[in-house]
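J.: Sequence and predicted structure below; questions after.
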Amino acid sequence: MEENLKVEREKIQENKSLKEVESLHNKYIRRQEELDNDLRVCKDKFKEFERQDVKYREDLKHMKQKIKKLEEKIEK
C-alpha cells in the first residue's frame, strides 16, 4: 500500500514537471512564431526596398544619359 502511494506521488511529481516543460515549450513555440512573422515582414520590406533601389538606380542612369545627350547637343 505504501509502495503504491509512493509510486503515485512520483507520477504526480512527474506530471507537474511535465506540465511545466510543456508550458515552457509552448512559450518558446509562441516566441518562435512571433519571430517568424517578424522575419517574414522584414523580408517583404526588404524586397520592396530592393525594388525601389533598382528603380531609382535606373532612373538615375537614365537621367545621366539625358544630361550627357543635352550637353553634347549644347556643344554642337
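T.: Received the coordinates, thanks.

J.: Name the residues of stretch 47-59 that are buried.
T.: Within stretch 47-59, no residue is scored as buried using 16 or more other C-beta atoms under 10 Å. All C-beta spots, glycine's among them, are computed from the backbone N, C-alpha and C.

J.: Export only the CA atoms of that stretch, formatted as PDB.
T.: Taking C-alpha atoms only, stretch 47-59 is exported to PDB below (Å, rounded to 0.1, in the frame of the first residue of the first chain):
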ATOM      1  CA  LYS A  47      12.100  43.200 -51.200                       C
ATOM      2  CA  GLU A  48      10.200  46.400 -51.600                       C
ATOM      3  CA  PHE A  49      13.300  48.400 -50.700                       C
ATOM      4  CA  GLU A  50      15.300  46.500 -53.300                       C
ATOM      5  CA  ARG A  51      12.700  47.200 -55.900                       C
ATOM      6  CA  GLN A  52      12.800  50.900 -55.200                       C
ATOM      7  CA  ASP A  53      16.600  50.800 -55.200                       C
ATOM      8  CA  VAL A  54      16.700  49.200 -58.600                       C
ATOM      9  CA  LYS A  55      14.100  51.700 -59.900                       C
ATOM     10  CA  TYR A  56      16.000  54.700 -58.600                       C
ATOM     11  CA  ARG A  57      19.300  53.400 -60.000                       C
ATOM     12  CA  GLU A  58      17.700  53.000 -63.400                       C
ATOM     13  CA  ASP A  59      16.100  56.500 -63.200                       C
END
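
J.: Tell me the gap between that stretch and the middle of its chain.
T.: Relative to its parent chain, stretch 47-59 has a centroid offset of 22 Å by C-alpha atoms, centre = their mean, to the nearest Å.

J.: quick one: contacts for the most centrally placed residue in the chain?
T.: Taking C-alpha atoms, centre = their mean, the centroid of the chain lies closest to residue 39, which sits 0.9 Å from it. Applying C-beta atoms under 8 Å, 6 or more residues apart in numbering to residue 39 gives no contacts.

J.: three-state assignment of it?
T.: helix (DSSP: H, G, I helix; E, B strand; the rest coil).

J.: Could you list the low-pLDDT ranges of the chain?
T.: 5 (pLDDT under 70).

J.: what about 90?
T.: Judged by pLDDT under 90, the chain has its weakly predicted residues at 1-22, 73-76.

J.: Done for today, thanks.
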